[in-house]
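Novice: Just to be clear, the model below is a prediction. Sequence and coordinates:
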Amino acid sequence: MRYKTLFISILVIMAFNCFAQTKKDHAIYNKISREYVINDDGSLDYTYKMDLKLLSRRSWNDDFGETFIIYNPEFQTIKVNEGYTQRADGTKVYLPDNAITNSLPFSCTDCERYNGMKEMVISHTALEMNCIIHLDYTIHSEAAFIKEFMENIDFVQYCPVKEYIVTVKTPKNITLKNRMLNLRLAPTTGTEGNKNVYTWRLTNVMQSSNESYMPTDMVYPELILSTFNDMSHAYFAFVNQEAFRDYNLPGSSEIIAAITKKDNKPYDNIIAIRDYVADAIHLNNFNQKYTDYQASLASKTWNSACGTELDKAILLTAMLRNAGYEAIPVALIKERYHSDEVACLDLISHYAVRTRIDDKDFYLSPTEKNTSSLEYTYGGYMAYYIDSSIDHFIARYLGPVDNKVNLKGDIIINDNGTANEQVGYNITTGLPYYEINKNNSMLSQYVTNAKGEITCRKLDFTNAEFTVNAEEVKMEQIGESGYYTLNLPAASNTFNVKPTYLNEKREHPIRCKKTDETYTYTITLPKGWKSVTNNVHKNYESSFGKMEIDIKVNGNTITVIRSLKVMQETIEVSQYKDFRAMMNDWTDDAWRKIIVKSIQN
């Protein structure tokens, strides 16, 4: 017997300050419980219960006044078993009939094919300080397309949880596979009639943090459940549908011919087709699980001009194939979530399309206009190739491209308060290779404080060597006393952590990209000028990386060396104080510019 995946999303409206984490709890869950019962006929009964105590006016005015539940009536029914508010004095006010309504989810309003979806809105009543919202409902899901049970449970909420219980009941002939991330906790097991019973009980679950650069998938506990034998079985169950076999697009040839040109290079035609799908096909931005992972035929998405991200990826694949280009849809999932043993399609983050240009893989978004391959955007992800014509599961790791900058600048300051600059760049990052190859001036997006003629010496998908030459660049004059500021040329593909988002104290690690940046400047002053900037030497060295700023003034020559190397993708809390101090100095404007003065009579 095979079983059904639950499709339920509970969205609680919330508002919070993005820049400063508050310690005051506006609400607290006394208890949350989720029970999954897999029935012998393959259907699934999911029961959700919560007791939520409100501790401030904000908690019901902005955060928790309503509950939203999306479901698909094609294979699901929902029943509210009980709902009431227990007031501070102990009395209970039960939900009136008109507090429960069904509406069309906002993400489905612009696509007739998805107008059957429903969103139950429950308006909680009699809310006040120290009241408790009690809600209990069950969703029954018939066995539909995917016959196995899969679920990903993220335990963290927008307020703390005193007790969180997950129970799964399966027929005795079914094996439940599970993975608990970021918490060492195994289930208690037992039997109840003809069912195996698995139970996880968590206490004092933290609330979500507002700290910037949070590695949420490494901090918050998550439980992944599956009755699939392994990832290969899940893949073949998913790919076994007509949408991955039928890429015919009747009536599309005229539009494809209109947006492509015979004389174009393959990249230009491929991008033109992708731009059409991104712009002309409306995105219904909801999780594919609400369709039971059934995708639409490319022809249906084409005729309706709307679809999910997966629908659009299939349409893009079809249009590229009809134009004569190789293409297959792919699913992108964080490498940390990938498992050959515990398969859960709900962990897929995005869908894309892999094509081939000049015998190289190139990954396209069906919803955004990326000009560099998506593998550089999603470094650290796995790409699942969705190809019904092959008899095995293919997953490719998309390794991140470590950021590198090597800049050498020769700057000559002129008597008239201008500067002649020759700045050589060697940068490593994900690059829009084909766009730059057509127009070198696109390299200017990787340059700051340097404007001039760009000469490219070397270019590939992840590396560029080029020079920016500029004459008589006007320096910023300070008042009328002969002082000038020279802002040092730099690169824009620099380290991605901004100290302005780093509070003095930190509770969780930081996620960042590795980087290796070196900037060397030689600045020559004319006779009758002097440097106001004095000699500076700052140095940090730690297990996570190192930083050096060295400014030396020798007569009319100023030499500046700035270097930053971060060797970890995760900065631990124990390293935070030193890391923050290093980044504050690295980004200090005082060490990113030179002040000079004309002392001529």
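Specialist: That came in fine, so what should we check first? Numbering: from 1, shown residues only.

Novice: in the stretch 201-350 of the chain, which spans are strands?
Specialist: 222-226, 282-283, 306-307, 327-334, 350-357 (DSSP state E, counting those that start in this stretch).

Novice: okay, those in CSV with mean pLDDT and mean neighbour count next?
Specialist: Where C-beta positions appear, they are placed from N, C-alpha and C, glycine not excepted. Listed next are the strands of the stretch 201-350 of the chain as CSV, based on pLDDT from 0 to 100; neighbours: other Cβ atoms under 10 Å:
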stretch, mean pLDDT, mean neighbour count
strand 222-226, 98, 23
strand 282-283, 95, 17
strand 306-307, 96, 23
strand 327-334, 97, 22
strand 350-357, 96, 22
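
Novice: Now render these as CSV, adding distance to residue 484.
Specialist: What follows is those, written out as CSV (distance: least, Cβ to Cβ, whole Å):
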stretch, distance to residue 484
strand 222-226, 55
strand 282-283, 50
strand 306-307, 57
strand 327-334, 49
strand 350-357, 47
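
Novice: Tell me the helix or strand right after the helix or strand encompassing residue 424.
Specialist: Per DSSP states H and E, residue 424 falls inside strand 418-428. Using DSSP H and E, the helix or strand that follows strand 418-428 in sequence is helix 433-438.

Novice: how about that next one as CSV, C-alpha atoms only?
Specialist: Provided in CSV are the C-alpha atoms of helix 433-438 (Å, rounded to 0.1, in the frame of the first residue of the first chain):
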residue,chain,number,x,y,z
TYR,A,433,30.2,35.7,-19.7
TYR,A,434,28.2,36.1,-22.9
GLU,A,435,26.9,39.6,-22.1
ILE,A,436,30.4,40.8,-21.2
ASN,A,437,31.8,39.1,-24.3
LYS,A,438,29.4,41.3,-26.4
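
Novice: Now that helix: buried residues?
Specialist: 433, 434, 436 (16 or more other Cβ atoms under 10 Å).

Novice: Relative to residue 292, which of the residues you listed is nearest.
Specialist: residue 434 (38.3 Å; Cβ to Cβ).

Novice: re earlier: would you mind checking the average pLDDT for the strand holding residue 424?
Specialist: On average, the pLDDT along strand 418-428 is 95.

Novice: in its sheet, what does it sit against?
Specialist: strand 403-413 (antiparallel), strand 463-474 (antiparallel) (DSSP bridges).

Novice: Skipping adjacent residues, who's closest to the spatially most central residue of the chain in space?
Specialist: When Cα atoms, centre = their mean is applied to the chain, the residue found nearest the centroid is residue 349 (7.9 Å). Counting by Cβ to Cβ, 6 or more residues apart in numbering, residue 332 is the residue found nearest to residue 349 once chain neighbours are left out, at 5.3 Å.

Novice: in the sheet, who's paired with that neighbour?
Specialist: residue 350, residue 383.

Novice: Next, the contact list for it, please.
Specialist: Residues near residue 332 by Cβ atoms under 8 Å, 6 or more residues apart in numbering: 348, 349, 350, 351, 352, 374, 378, 381, 382, 383, 384, 398.

Novice: Ramachandran angles for the first one?
Specialist: This points to residue 348. Backbone geometry at residue 348, expressed as degrees, to the nearest 10, gives phi -70, psi 130.

Novice: Going along the chain, name the helices of the stretch 101-250 of the chain.
Specialist: 216-219, 231-239 (DSSP state H, counting those that start in this stretch).

Novice: mean pLDDT for those: which is lowest?
Specialist: Among the helices of the stretch 101-250 of the chain, helix 216-219 carries the lowest mean pLDDT, at a mean of 86.

Novice: which residues sit against it?
Specialist: Contacts of helix 216-219 (Cβ under 8 Å, 6+ apart): 156, 181, 182, 209, 334, 336, 337, 508, 509, 511, 570.

Novice: Reformat those residues as TSV; add distance to residue 590.
Specialist: What follows is the contacts of helix 216-219, written out as TSV (distance: Cβ to Cβ, whole Å):
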residue	distance to residue 590
156	40
181	43
182	40
209	32
334	39
336	40
337	43
508	30
509	29
511	28
570	30
